[in-house]
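Colleague: Whatever this is, show me its structure:
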Amino acid sequence: MRKYIIFVLLVVAVPVLAQYHGHDDVVNNIYSKRNPIDSYVYLEKQADSIAYVYMKENTNNRWWLMDIRRHRQPANRWDTWHINLLYYTDDKFHPLDSDSPSWTVATLSGAWENAIAIKDVDWLGSYGHYNQEQDTSSWYADGKRLTWWTASDDTVWCAESIQLTQTVAGLRPDTKAEICEIGQEYLFEKNNLFLTQRVLWESSDSLSTAYFAMCPVKRNVGISYFAKFVSDADIYDVSNSGHSFPNEKRTGLVTWNQNNDLSIRMELVGEPLNQLDSWNNCGSSFSFVSNSADPAYNKFYIAWVSATTYVASGDVWWSKVKYSFY
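Modeller: Numbering: from 1, shown residues only. Presented below is the predicted three-dimensional model:
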């Protein structure tokens, strides 16, 4: 049987890599699921390393479920929380009040957070790129730290915002030496995910590629898919391989499925964009859609590096990306 916990508090932002001063103030209020509130975000603990985040989009009365997992693969030096899959349902019920909700896959497994290629060496990054090991992680509801590791499976927390923070050591793929520290904050509010990342480079190196915003949108045969840059009016058909979506330096992309009006938007937001030297100084940075046959998805990218770029010890990169699901 699920346990339900709720808060009605002011939202307190937790800066990435900053000390959280309210860490002793844990969540312990009991909530009855007989009166669910659609405007809240729900976090369900499936297991110590599996979390489900439920989000409501009120325009289309659609629920979204983001599956977040902590994968541990010692052989690949990989141990981080990361986005695994995204689902949606058009069923007109609260998903926590049903034993068998009808979920449809919206995205396939693939990196969302980051992927960094050391020139002439290999990759490090989220989902499948390996060479990242977690130092710390915490879950929060409305700024209150959750008792994640001691809570039982199927516990559900309900709040106006759900937050996951973690710090990760980035390892050079060949030597396994730590070359950067990555701080990440996932903030869920209604049908939005704000993903903030800060990279502190601890050694000098040359990079050939670096992505800090991605989204692998599932593509079904026989269904039309379209995409556009947020700032442009031109619409491109990305239903099949070999589409003509251009490579441009843009700060946002949006895609939609014409059959059911399913839309996902990914956009750089906030002050970090104006301060990010790696973006401002890299003229070859670009945004694009990559069409894959296996797995069948349109993967959205915003690149920080697309040609050889040198980083020095002490350099700091950071970005804030807003994902909207509707």
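Colleague: Could you export the helix or strand containing Thr196 as CSV, CA atoms only?
Modeller: Element membership for Thr196, per DSSP states H and E: strand 192-201. Included here for strand 192-201 are C-alpha records, laid out as CSV according to Å, rounded to 0.1, in the frame of the first residue of the first chain:
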residue,chain,number,x,y,z
ASN,A,192,7.9,21.6,-16.5
LEU,A,193,11.4,20.3,-15.8
PHE,A,194,14.1,22.8,-15.1
LEU,A,195,17.5,21.2,-15.5
THR,A,196,20.5,23.3,-14.2
GLN,A,197,24.0,22.1,-14.6
ARG,A,198,27.3,23.6,-13.5
VAL,A,199,30.7,22.2,-14.6
LEU,A,200,33.9,23.1,-12.8
TRP,A,201,36.9,21.9,-14.9
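Colleague: got a list of contacts for that strand?
Modeller: Residues external to strand 192-201 that are found in contact with it (Cβ atoms under 8 Å, 6 or more residues apart in numbering): 16-17, 55, 66, 112-114, 170, 179-187, 212-213, 269, 272, 311-325. All C-beta spots, glycine's among them, are computed from the backbone N, C-alpha and C.
Colleague: Would you mark the buried spots in the following helix or strand past that strand?
Modeller: Per DSSP H and E, strand 192-201 leads on to strand 205-218 as the next helix or strand towards the C-terminus. Under the neighbour-count criterion of 16 or more other Cβ atoms under 10 Å, strand 205-218 has 205, 207-218 buried.
Colleague: out of those, who's nearest Phe245?
Modeller: Val217 (12.5 Å; Cβ to Cβ).
Colleague: Could you point out the bridge partners of the closest residue to that closest one other than its chain neighbours in the sheet?
Modeller: Ranked by Cβ to Cβ, 6 or more residues apart in numbering and with sequence neighbours excluded, the top spatial neighbour of Val217 is Asn298, at 4.9 Å. When assigned by DSSP bridges, Asn298 has beta-bridge partners Val217, Asn291.
Colleague: burial of Asp174, as a residue count?
Modeller: Neighbour count for Asp174, taken as other Cβ atoms under 10 Å: 11.
Colleague: Need phi/psi at it.
Modeller: For Asp174, the backbone dihedrals (degrees, to the nearest 10) come out as phi -90, psi -50.
Colleague: cool, and His71?
Modeller: Dihedral angles phi and psi of His71 (degrees, to the nearest 10) take the values phi -90, psi 130.
Colleague: Same question for the one 4 residues further on.
Modeller: Note on Ala75: backbone dihedrals following degrees, to the nearest 10 are phi -60, psi -30.
Colleague: ok, it to Glu113 distance?
Modeller: 21 Å (Cβ to Cβ, to the nearest Å).
Colleague: for Asn131, same thing?
Modeller: Taking Cβ to Cβ as the measure, Asn131 falls 13 Å from Glu113.
Colleague: and what of Pro74?
Modeller: To Glu113, Pro74 is 20 Å away according to Cβ to Cβ.
Colleague: Kindly calculate the angle that the strand holding Thr196 makes with strand 205-218.
Modeller: Following axes from the mean of the first three to the mean of the last three Cα atoms, to 10 degrees, one obtains 160 degrees for the angle between strand 192-201 and strand 205-218.
Colleague: and strand 192-201, which strands flank it?
Modeller: For strand 192-201, the pairing partners within the sheet under DSSP bridges are strand 178-189 (antiparallel), strand 316-325 (antiparallel).
Colleague: quick revisit: would you check that the residue nearest to Val217 makes contact with Thr255?
Modeller: Yes - in this structure Asn298 lies within contact range of Thr255 using Cβ atoms under 8 Å: 6.3 Å.
Colleague: Give me the common contacts of these two.
Modeller: Overlap of the contact sets of Asn298 and Thr255 (by Cβ under 8 Å, 6+ apart) consists of Val217, Tyr225, Ala227, Val238, Val289.
Colleague: Just those residues: which are in helices?
Modeller: The members of those all map outside helices under DSSP state H.
Colleague: Which ones among those residues lie within strands?
Modeller: Members of the shared contacts of Asn298 and Thr255 lying in strands (criterion: DSSP state E): Val217, Tyr225, Ala227, Val289.
Colleague: now the residues you listed as JSON lines including pLDDT and distance to Thr80?
Modeller: As requested, those are exported to JSON lines (pLDDT from 0 to 100; distance: Cβ to Cβ, whole Å):
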{"residue": "Val217", "pLDDT": "94", "distance to Thr80": "22"}
{"residue": "Tyr225", "pLDDT": "93", "distance to Thr80": "30"}
{"residue": "Ala227", "pLDDT": "95", "distance to Thr80": "28"}
{"residue": "Val289", "pLDDT": "91", "distance to Thr80": "25"}
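Colleague: TSV please, covering the residues you listed and showing distance to Lys119.
Modeller: Written out in TSV, the entries for these read as follows (distance: Cβ to Cβ, whole Å):
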residue	distance to Lys119
Val217	29
Tyr225	34
Ala227	30
Val289	25
